[in-house]
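K.L.:
Structure here, sequence nowhere to be found:
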């Protein structure tokens, strides 16, 4: 911080001196612009050092050639002076001086013109690349559970010799492209194909999947044990791929084939009426989806994190999940049967044990999560609002009692009776909020006080509780679509 203040002070003093000498804002601004661009150029050249690639001729080698030409010219001059015939030596000397000066001067002039234009072009491309990344919010997160670091630029691998380039950016190795040590040409910017190269996390070396020149959206699914998080995520992905994507002409796929195979296995089992295995206590599963929208050239990478509910029984375990520090939104799953009053009423018309009941109160899970959020985001005051989207999802909507109060039929009836509601999703959100206010009012007040944007949803991850019959989720995609629409103007929920 002190170094930054010193640089800023020097910059202001220099600007004041230039204005005092010229009394012209135009001259002062032009001079400052040149200085800033020069500093950018020096910074770019410093950062692009020690890469396994050939340096561009016009950054260093051209100056070496000029120096060699000067040495050759001096040797030629010395050779003509030693000639036996003085007149011939004098004529040759004068001619060589003129020719050498002309050729050397012409060579220097051409080199300087090309170098200046190259440096200007480099700065334009470098700034454009940075602006392109900033404008489109391009970034990547490491899916490695023990890393989870977020970064702008991965380590890229040459597709011919498999050598890794840590800073594949415009610089002394090339402006738009660079030549690897194996003579393979590699793109140096996001807008000409750098993101399609094989890449790795710069911190842990984990291999990344998909196009890294994409917008990133991180959505963890949180909730107590046995609330149905794994079922919810798989069914939500299935609904997005099979229903939402075709209707909106989106292209949604997994970032890598291994995740696709695991997903296919789970979905095939759920179609036969078998539930997926429970998430391990220390496990954090990252589902990576690539979304392509026809109206936008930039892809979206969606991270869905499945976090074991048991991790919220102790605060330290949650802190290990660094993904919470850069999330776009949180899906908080609630098991309504964990509320005693509801479970007692539901038992009159259904066997609640068949649905499974969470053993931990969701209020306690929320408290652990909020405490860790304050630690991660370094909020010194507990009343600081968290600028994230928070989707409260009441699961197990297929329970008859729950369906009567907040199901689709109840939402449609509410929508017809309340013309101010614009959609069934909004109507269901109101019903879910009233439902929670009735049984857990303090929970509602706490999240609405802590989070900037809160919306309520009702869904069923399985559709029924009958083992052996094909499972089909209900309303499972709505929370994800809401978070994505709140985070990206190019994505519309309805």
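P.N.:
Yes, it's here. As the structure is a computational prediction, the values presented were derived from the model and not from experiment.
K.L.:
quick one: the helices in the stretch 351-494 of the chain?
P.N.:
Per DSSP state H, counting those that start in this stretch, the stretch 351-494 of the chain has helices spanning 362-376, 400-406, 408-417, 424-450, 478-487. These are given in chain order.
K.L.:
Let me know the angle separating the first one from helix 424-450.
P.N.:
Using axes from the mean of the first three to the mean of the last three Cα atoms, to 10 degrees, one finds that helix 362-376 and helix 424-450 are set 60 degrees apart in direction.
K.L.:
For the helices of the stretch 351-494 of the chain, give me TSV that also has distance to residue 342, mean pLDDT and mean neighbour count.
P.N.:
In this view, the C-beta of every residue, glycine as well, is placed from N, C-alpha and C. Supplementary listing: these in TSV, determined by distance: least, Cβ to Cβ, whole Å; pLDDT from 0 to 100; neighbours: other Cβ atoms under 10 Å:
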stretch	distance to residue 342	mean pLDDT	mean neighbour count
helix 362-376	12	77	18
helix 400-406	7	90	18
helix 408-417	15	91	15
helix 424-450	6	92	17
helix 478-487	21	93	22
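K.L.:
List just the one of the ones you listed that sits closest to residue 138.
P.N.:
Closest to residue 138 of the helices of the stretch 351-494 of the chain is helix 478-487 (Cβ to Cβ; 14.2 Å).
K.L.:
any idea where the helices of the stretch 201-350 of the chain begin and end?
P.N.:
If you assign secondary structure with DSSP H, counting those that start in this stretch, the helices in the stretch 201-350 of the chain sit at 229-239, 245-248, 257-271, 315-319, 340-346.
K.L.:
returning to that earlier point: could you dump the helices of the stretch 351-494 of the chain into a markdown table with distance to residue 334 added?
P.N.:
Converted to a markdown table, those look like this (distance: least, Cβ to Cβ, whole Å):
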| stretch | distance to residue 334 |
| --- | --- |
| helix 362-376 | 5 |
| helix 400-406 | 11 |
| helix 408-417 | 17 |
| helix 424-450 | 8 |
| helix 478-487 | 12 |
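K.L.:
Select, out of these, the one closest to residue 99.
P.N.:
helix 478-487 (67.1 Å).
K.L.:
List the contacts of stretch 244-252.
P.N.:
Residues from elsewhere that reach stretch 244-252, judged by Cβ atoms under 8 Å, 6 or more residues apart in numbering: 240-241, 289-294, 477, 481, 492.
K.L.:
and which of those is nearest residue 412?
P.N.:
The nearest one, if we look at these relative to residue 412 and count by Cβ to Cβ, is residue 477, at 18.2 Å.
K.L.:
who wins for proximity to residue 468 among the helices of the stretch 351-494 of the chain?
P.N.:
Ranking the helices of the stretch 351-494 of the chain by proximity to residue 468 (Cβ to Cβ) places helix 400-406 first, at 20.2 Å.
K.L.:
Which elements pack onto that closest one?
P.N.:
Where contact means 3 or more Cβ pairs under 8 Å, 6 or more residues apart in numbering; DSSP states H and E, helix 400-406 is packed against helix 340-346, helix 408-417, helix 424-450.
K.L.:
For the chain, which segments count as strands?
P.N.:
Under the criterion DSSP state E, strands of the chain are mapped to 140-141, 150-151, 155-157, 164-165, 177-179, 185-187, 199-200, 214-222, 251-254, 284-292, 299-307, 329-334, 386-394, 451-458.
K.L.:
hmm, back to that, want to throw the helices and strands packed on helix 400-406 into CSV with distance to residue 224?
P.N.:
Compiled in CSV, the helices and strands packed on helix 400-406 are given as follows (distance: least, Cβ to Cβ, whole Å):
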stretch, distance to residue 224
helix 340-346, 14
helix 408-417, 25
helix 424-450, 13
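K.L.:
Of these, which is nearest residue 180?
P.N.:
When these are ranked by proximity to residue 180 (Cβ to Cβ), helix 424-450 comes first, at 49.7 Å.
K.L.:
From the recorded domain assignment, give the ranges for this structure.
P.N.:
Following the assignment in automatic domain parsing, the chain carries domains at 25-212, 214-487.
K.L.:
which of these sits most buried?
P.N.:
domain 214-487 (a mean of 18; mean count of other Cβ atoms under 10 Å).
K.L.:
Just the terminal-to-terminal distance for that domain.
P.N.:
Terminal residues of domain 214-487 are spaced 14 Å apart (Cα to Cα, to the nearest Å).
K.L.:
closest to residue 207 out of the strands of the chain?
P.N.:
Comparing these by their distance to residue 207 (Cβ to Cβ), the top pick is strand 199-200, with 5.6 Å.
K.L.:
and the closest one, how far out from the chain's middle?
P.N.:
On the basis of Cα atoms, centre = their mean, to the nearest Å, the separation between the geometric centre of strand 199-200 and that of its chain is 14 Å.
K.L.:
Show residues contacting it.
P.N.:
Under Cβ under 8 Å, 6+ apart, the answer for strand 199-200 is 140, 154-157, 164, 206-208, 212.
K.L.:
Please apply the same query to stretch 473-488.
P.N.:
Residues external to stretch 473-488 that are found in contact with it (Cβ under 8 Å, 6+ apart): 215, 217, 219, 231-232, 235-236, 238-240, 243-244, 300, 302, 304, 328-329, 331, 389, 391, 393, 397-398, 408, 425, 428, 453, 455, 457-463, 491-493.
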